[in-house]
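> sequence first, predicted model second:
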Protein chains: 6
Amino acid sequence: MANDSRMASESERHQRGLASLASITGGTGTAVVESLKDIAPDLAEWIISFSYGDVMSRPGLDLRSRQFATVAALTAMGTAAPQLKVHLAGALNVGCRPSEIVEVILQMAVFAGFPAAINAINLAREVFQERGITV
Amino acid sequence: MANDSRMASESERHQRGLASLASITGGTGTAVVESLKDIAPDLAEWIISFSYGDVMSRPGLDLRSRQFATVAALTAMGTAAPQLKVHLAGALNVGCRPSEIVEVILQMAVFAGFPAAINAINLAREVFQERGITV
Amino acid sequence: MANDSRMASESERHQRGLASLASITGGTGTAVVESLKDIAPDLAEWIISFSYGDVMSRPGLDLRSRQFATVAALTAMGTAAPQLKVHLAGALNVGCRPSEIVEVILQMAVFAGFPAAINAINLAREVFQERGITV
Amino acid sequence: MANDSRMASESERHQRGLASLASITGGTGTAVVESLKDIAPDLAEWIISFSYGDVMSRPGLDLRSRQFATVAALTAMGTAAPQLKVHLAGALNVGCRPSEIVEVILQMAVFAGFPAAINAINLAREVFQERGITV
Amino acid sequence: MANDSRMASESERHQRGLASLASITGGTGTAVVESLKDIAPDLAEWIISFSYGDVMSRPGLDLRSRQFATVAALTAMGTAAPQLKVHLAGALNVGCRPSEIVEVILQMAVFAGFPAAINAINLAREVFQERGITV
Amino acid sequence: MANDSRMASESERHQRGLASLASITGGTGTAVVESLKDIAPDLAEWIISFSYGDVMSRPGLDLRSRQFATVAALTAMGTAAPQLKVHLAGALNVGCRPSEIVEVILQMAVFAGFPAAINAINLAREVFQERGITV
């Protein structure tokens, strides 16, 4: 597969990334990428072509599992609140149930401590409220 | 549900935790818990009754998703190699495919950087080899 | 002791946790727990019965030392500002002198770097000012 | 050299630190130090005499490289936004080009993940805008 | 006090630091400092004169509390196993009871997650065994 | 530039990455990449084409500054010892003087604490000894 992907043109990676970004993050992720284009246009492009075109769009794992993994990691790290908000919304976008997202966050109390879980729950509440979701 | 769980006796939490620990981690997790009983028996008990009895055994999320979340978090944190090995094996135990586990780790390159992903892949190789798994 | 605690009913853990939470964090911790009950009631219950009922209320270490340990850890981690504020107030509640709290934070410059210490001092100033404390 | 520095009087360390702090951070760092003097005057003094007097003013590495190193570390850590802003401005003060600062931040996507790089770019934008810099 | 310490000669800081280092870490800390003198003699000197001469030897907090704070922080950080071993021994040296040290580590399960606590308990076991201590 | 890079074929990224990887890390980085090809061939390819082909080979910052930034970040993070060793050697490969590398590590005591600096100095000693370098 490495060989195949090496054959892909940059344009294909970009198109695949844009589609993946839109399907996972909706308008939010696209807005983040746009906002970076003033002083870091290549970071914006890497998010599209590498993060989403190469990684997040890979077929070997379903999108729900990918978002559970991302929510878990960003909750545990505790250093990426804006990105966690984007991916909590992204989890909803790809079909994760709100109660499942809460489960992933609660599980992080075991592995990264209660402050990490509490802070992520507070971000989840914001995201759920913006969508009119009650758990 | 909070009320219900408050009614559960400690003995029920302990039994539920032991069963969950065994089903996820096999003998490895049990051995870790046993090893703690010399100087930290209550930490051992909390792993059983809280981490597994209260958290990991909850019905609201399937075990495969729970293990993807744990592998993602421990890969991203980069401070818990022994626990990551236990949970890489645990992911296999609950039916995660080796290729899916690799996907979760690869995805962490995006969120926590390449060193985190590389170090976790090297632990996954050890776990796969111990099981005779080739990806 | 593990055996003893296994005998304890959930109701006892809950009551002991509520008392410990109130004595350490005053109304602040209780308010945090209440705020979690909308989307994560079991996280709220775990804070009461596990974090405070099982751990923080243990007799083997005095409350002042427990709060020094918590302030040190949250200062060093740098990812838990809201919880650090709660536990800076909690340190005052259990009899830590403001000057001792400052000492713990200053010591973290050695182990976790100056940014960690500076950010924690700025949170301590907020907590002290809310209490009308001058150091 | 250790012997030599041991001979230096505290007053020399303090003076050298003040000069280094001023040359790197301009008025911003001095203001941070002043703000600490109410409850942590010795932390303020350590920043002057140790961080700047002993470390940042050492002759063995040029100031541009020192600021690239600081920006890289604080970007990767993700727990020190206020200090990262001070040192992004400091990087400009010692002659780092805005485009070079952006390069250091972008490089951190590889080593610490995209969220770390994105958050730092957003702080860099604030610093550049305050200076009227366009990249 | 900032003024007073500024008057202290470097020689006084060095002597005070050596005494503090010896009283807290015994021969172990001194050996670490010695080992650094080949390629980083000034780091060795800073550990003596700043970390121990300026910070750890301050009178405003008792040595037991200082060691509880250090053990808590290094346990929570999870990135400093060699230093945690030195300070677990240091805690014993200044009169912390083994059972109290275990309490501090257990408490970190709440704030930094179970892997952090488990890894620190395993280091504590090594230190206790080297001293012939049973808990 | 974003547009230009999007035009580049995957083959060009791969070739540019291989050249950059070889010039920075010598045989060591290439060996790491080879070792990943059994279970994570695409991670290996991303290191070549993204980390080195897209990022590390960019013209806007000199290689010495890039390695100072990487050494600073990995020292501060404290979770990537194998990668730090590779990049300490890489720093030497691109012309950083051993004494300058030591300076970058020492500076991290200020921003990430003394344990981070001490652990990195110990890795630097290993790398220097393998090269027969004395500082």
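That came through fine.

> what pLDDT does the residue nearest the centre of chain A get?
Per Cα atoms, centre = their mean, the C-alpha nearest to the average position across chain A is that of residue A:87, at 3.6 Å. On pLDDT, residue A:87 comes in at 98.

> for the one 10 residues further on, same thing?
With respect to pLDDT, residue A:97 scores 98.

> hmm, the residue nearest to the centre of chain A is touching residue A:72, no?
No - with contact defined as Cβ atoms under 8 Å, residue A:87 does not count as touching residue A:72 (10.0 Å). (C-beta placed from N, C-alpha, C; glycine too.)

> which residues are common contacts for these two?
Residues touching both residue A:87 and residue A:72 (Cβ atoms under 8 Å, 6 or more residues apart in numbering or on different chains): there are none.

> sorry, back to before: and the residue nearest to the centre of chain A, what element?
For residue A:87, the host element (DSSP states H and E) is helix A:81-93.

> can you confirm whether that helix lies near chain D?
Yes - using Cβ under 8 Å from any Cβ of the partner chain, we find that helix A:81-93 touches chain D at A:82, A:83.

> which parts of the following helix or strand past that helix are buried?
Remark: after helix A:81-93, the chain's next helix or strand is helix A:98-112, criterion DSSP H and E. By neighbour count on 16 or more other Cβ atoms under 10 Å in any protein chain shown, the buried set for helix A:98-112 is A:98, A:100-112.

> quick one: is the lengthiest helix in chain A near chain D?
Assignment by DSSP state H gives helix A:10-35 as the longest helix of chain A. Yes - judged by Cβ under 8 Å from any Cβ, helix A:10-35 and chain D are in contact via residue A:32.

> which helices and strands does that helix pack with?
Applying 3 or more Cβ pairs under 8 Å, 6 or more residues apart in numbering or on different chains; DSSP states H and E, we find helix A:10-35 packed against helix A:41-46, helix A:63-77, helix A:81-93, helix F:2-7, helix F:10-35.

> again, only this time at 10 Å
Contacts defined by 3 or more Cβ pairs under 10 Å, 6 or more residues apart in numbering or on different chains; DSSP states H and E place helix A:10-35 against helix A:41-46, helix A:63-77, helix A:81-93, helix D:114-131, helix F:2-7, helix F:10-35.

> please identify the most buried of those helices.
With neighbours taken as mean count of other Cβ atoms under 10 Å in any protein chain shown, the helices and strands packed on helix A:10-35 reach their highest mean count in helix A:63-77, at a mean of 27.

> so is that one next to chain F?
No - Helix A:63-77 lies apart from chain F when judged by Cβ under 10 Å from any Cβ of the partner chain; the minimum separation is 11.1 Å.

> list the helices and strands that helix packs on?
Partner elements for helix A:63-77 (3+ Cβ pairs under 10 Å, 6+ apart): helix A:10-35, helix A:81-93, helix A:98-112, helix A:114-130, helix B:63-77, helix B:98-112, helix D:114-131.

> phi, psi for residue A:60 please.
phi -80, psi 0 (degrees, to the nearest 10).
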